[in-house]
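model the following, please.
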Amino acid sequence: MPATVKIVAVSKTNPVSAIMEAYSAGQRMFGENRVHELLQKKDLLPADIEWHMIGHLQTNKVKLVVPVAAMIQSVDSFRLLKTINAEASKINRTVNCLLQFFIADEETKYGFSMNEAEEMLDSDEFRAMQSVRICGVMGMATFIEDAEQIKREFRHLAECYKRLKSNYYAEEESFREISMGMSGDYEIAIGEGSTMVRIGSLIFGSRNK
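Just a heads-up that it's a prediction; the model follows:
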């Protein structure tokens, strides 16, 4: 793994003991996709763990995750971002977020299109937000064996990142993350410019859901 690429250990469904083992080996970033599981684990584990919310986040759960997440990677709608901003402002916190783009050939995935993202970023309502910091983009490729298709999808996400960076965030040092790649496709993702990979089974082994 290149030193420039951050690893988010996807700890969902794994017990505290397994997370502690990874922590003892030096891992500090962990990703959860369910809010209640994140909250339960957070209280049982060291305080310097950086928790990332990586799963689809419902607006009614935002107030629970805003105080504890170092980053919300799965911001997939303007409505969700507005809710995060509102809840963060109540506790005087600025929450780091990634905009999730829909890049896969699967209807079960969530995310912005480029048009939707640009429409949001151009809006006065977005510009008035004080309690969210957009740090980059996130996306999930189609769950498929076709490496060429996966590569195309990751390349598309990298292009989305470059377009937003040059048009909206050229002066923002904090806008620098492309979160793409998981245990099965992280090498392709890194080849296409990923700065952050979400690795579960390669760290924790395969587990029954």
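
so where do the helices sit in this structure?
16-24, 35-42, 62-65, 78-90, 114-121, 124-127, 147-168, 186-191, 201-204 (DSSP state H).

name the residue most distant from the centre of this structure?
Computed with C-alpha atoms, centre = their mean, the residue of the chain farthest from its C-alpha average is Asp124, at 24.8 Å.

can you get me a residue count around the closest residue to Ile150 other than its chain neighbours?
Leaving out its chain neighbours, the residue that sits closest to Ile150 by C-beta to C-beta, 6 or more residues apart in numbering is Ala141, at 4.5 Å. Using the backbone N, CA and C atoms, a C-beta is placed for each residue, glycine as well. If you count neighbours by other C-beta atoms under 10 Å, Ala141 ends up with 28.

give me the low-pLDDT residue ranges for this protein?
108, 207-209 (pLDDT under 70).

one more time with 90, if that's ok
Along the chain, the model assigns pLDDT under 90 to residues 1-4, 105-110, 205-209.

got the contact list for Ala158?
Ile178, Met180, Glu192, Gly193 (C-beta atoms under 8 Å, 6 or more residues apart in numbering).

now tabulate those in a markdown table and tack on distance to Met71 and neighbour count.
As requested, these are exported to a markdown table (distance: C-beta to C-beta, whole Å; neighbours: other C-beta atoms under 10 Å):
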| residue | distance to Met71 | neighbour count |
| --- | --- | --- |
| Ile178 | 13 | 25 |
| Met180 | 15 | 31 |
| Glu192 | 21 | 21 |
| Gly193 | 19 | 16 |
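
leaving out sequence neighbours, find the closest residue to Lys42.
Nearest to Lys42 is Val68, by C-beta to C-beta, 6+ apart, at 5.6 Å.

quick check: that neighbour touching Leu38?
Yes - under the criterion of C-beta atoms under 8 Å, Val68 makes contact with Leu38 at 6.9 Å.
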